[in-house]
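# fold the following.
(chains A and B)
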2 protein chains.
Amino acid sequence: MTAKLFSDSYFMEQALKEAQKAYLKDEVPVGAVIVFNNKIIARTHNLTEQLTDFTAHAEMQAFTSATEYLSNKYLNKCTLYVTLEPCVMCAGAIFWTRIGKVVYGASDDRRGFRRLDGNILHPSTKLTGGVLEDKCKALMKTFFKEKR
Amino acid sequence: MTAKLFSDSYFMEQALKEAQKAYLKDEVPVGAVIVFNNKIIARTHNLTEQLTDFTAHAEMQAFTSATEYLSNKYLNKCTLYVTLEPCVMCAGAIFWTRIGKVVYGASDDRRGFRRLDGNILHPSTKLTGGVLEDKCKALMKTFFKEKR
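Alright, predicted model coming up:
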């Protein structure tokens, strides 16, 4: 079934397209989009290896891109779609942006921010996980299988 | 007393100089330097307001700068000096870089990463706080007093 326009699945499909771009560059395949008023205002994918820089996670680039677009360092009316549960760094950035909603695909039990006690996200930020989880997981699995 | 060359106090003085630059730009006055083989390879200060971007914390810029300089995304032989205890985002980035040592000046009970349970930093990263604490605190206090 095709993801319906403006549904969480639709936007996660767009984030997955970004993750595919990362995969083709031999990067850990994580992609993100930021949506404002049903419009995608940032499309990014992990570039850690290419930029030799851990701060180049998909989410971090998406925040820089979206805040630039909106000329506003707060993203409270936006939603972040990301194919993998954010790490602690990205969750810390999510806190600062006060983004309205975070939707992730696959969970990350090892490096995801949810493994830590305490509320990292801003209290006003909504969180949803597991959207297109199987597709998001499958891409990661394929990547790491090839690396072994 | 003047801080001795190559001491923690000496490098924190350099980070304080960066924090002063932020202060003069009406930014929350946080500065950072990264040291490799007793040489400063990155000097940065908070630019959140100027860049309208929360990911522009002093530490984050310092990581980008230092990894670029070393052409290595790991900073295990480096020390980060920062005038304020890092936030959760920056601590998450510190984890990824596996930086050898983190030295901070003033503690940050409200936004500092130490308020969270669980080890955010990499197990191989050493942590020291309170270096030139009074000077680092005084600059922050002056800044926020003027904002009121």
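# wait, residue A:20 touches residue A:140, no?
No: contact criterion Cβ atoms under 8 Å: residue A:20 and residue A:140 do not qualify, at 11.8 Å. In this view, the C-beta of every residue, glycine as well, is placed from N, C-alpha and C.
# identify the bridge partners of the residue most central in space within chain A.
The residue lying closest to the centre of chain A (Cα atoms, centre = their mean) is residue A:82, at 2.3 Å. In this entry, residue A:82 is beta-bridged to residue A:32, residue A:104, by DSSP bridges.
# am I right that residue A:136 falls within a helix?
Yes: Residue A:136: assigned to a helix according to DSSP: H, G, I helix; E, B strand; the rest coil.
# sketch out the low-pLDDT regions of chain A for me.
For chain A, applying pLDDT under 70 flags the ranges A:1-2.
# determine the set of other helices and strands touching the helix ranked longest in it.
The residue-count maximum for a helix in chain A (DSSP state H) belongs to helix A:8-24. Judged by 3 or more Cβ pairs under 8 Å, 6 or more residues apart in numbering or on different chains; DSSP states H and E, helix A:8-24 is in contact with strand A:31-36, strand A:39-45, helix A:58-70, strand A:78-84, strand A:101-106, helix A:133-147.
# what's downstream of the second one, the next helix or strand?
To tie it back to what came earlier, the one meant is strand A:39-45. Toward the C-terminus, strand A:39-45 is succeeded by helix A:48-51 as the next helix or strand (DSSP states H and E).
# which residues touch stretch A:71-80?
Outside stretch A:71-80, the residues that touch it by Cβ atoms under 8 Å, 6 or more residues apart in numbering or on different chains are A:11, A:32-37, A:41, A:59, A:62-63, A:66-67, A:70, A:94, A:96-103, A:124, B:48-49, B:52-54.
# and residue A:78, what are its bridge partners?
Assigned bridge partners for residue A:78, using DSSP bridges, are residue A:36.
# hmm, back to that, more neighbours: which of residue A:20 and residue A:140?
The residue with more neighbours, out of residue A:20 and residue A:140, is residue A:140; 19 against 15, by other Cβ atoms under 10 Å in any protein chain shown.
# hang on, residue A:59 packs against residue A:88?
No: at 11.6 Å, residue A:59 does not count as touching residue A:88 under the criterion of Cβ under 8 Å.
# now do the shared contacts for residue A:20 and residue A:140.
With Cβ under 8 Å, 6+ apart, residue A:20 and residue A:140 have common neighbours residue A:29.
# up against chain B, what does chain A have?
Counting by Cβ under 8 Å from any Cβ of the partner chain, the residues of chain A close to chain B are A:48-49, A:52-55, A:60, A:63-64, A:67-68, A:71-73, A:87-93, A:95-97, A:113, A:115-118, A:120.
# need phi/psi at the closest residue to residue A:85 other than its chain neighbours.
Nearest-residue entry for residue A:85: residue A:112, 3.7 Å, with adjacent residues in sequence omitted and distances by Cβ to Cβ, 6 or more residues apart in numbering or on different chains. With angles defined as degrees, to the nearest 10, residue A:112 sits at phi -70, psi 150.
# residues near residue A:112, how many?
Neighbours around residue A:112, by other Cβ under 10 Å: 19.
# now residue A:26
When neighbours are counted by other Cβ under 10 Å, residue A:26 comes out with 12.
# quick one, what contacts it?
residue A:49.
# just say helix, strand or coil for it.
Note that with three-state DSSP, the state of residue A:26 is coil.
# burial count for the nearest residue to residue A:100 once chain neighbours are set aside?
Spatially, and ignoring its direct neighbours in sequence, residue A:100 is nearest to residue A:76 (5.2 Å; Cβ to Cβ, 6+ apart). Neighbourhood size, residue A:76 [other Cβ under 10 Å]: 13.
# returning to that earlier point: isn't the residue nearest to the centre of chain A right next to residue A:30, touching?
Yes: under the criterion of Cβ under 8 Å, residue A:82 makes contact with residue A:30 at 6.8 Å.
# common neighbours of those two, please.
Contacts common to residue A:82 and residue A:30, judged by Cβ under 8 Å, 6+ apart, are residue A:58.
# ok, residue A:70 touching residue A:37?
No: assessed by Cβ under 8 Å, residue A:70 is found out of contact with residue A:37, at 10.6 Å.
# list the buried ones in stretch A:93-100?
A:93, A:94, A:95, A:96, A:97, A:98, A:99, A:100 (16 or more other Cβ atoms under 10 Å in any protein chain shown).
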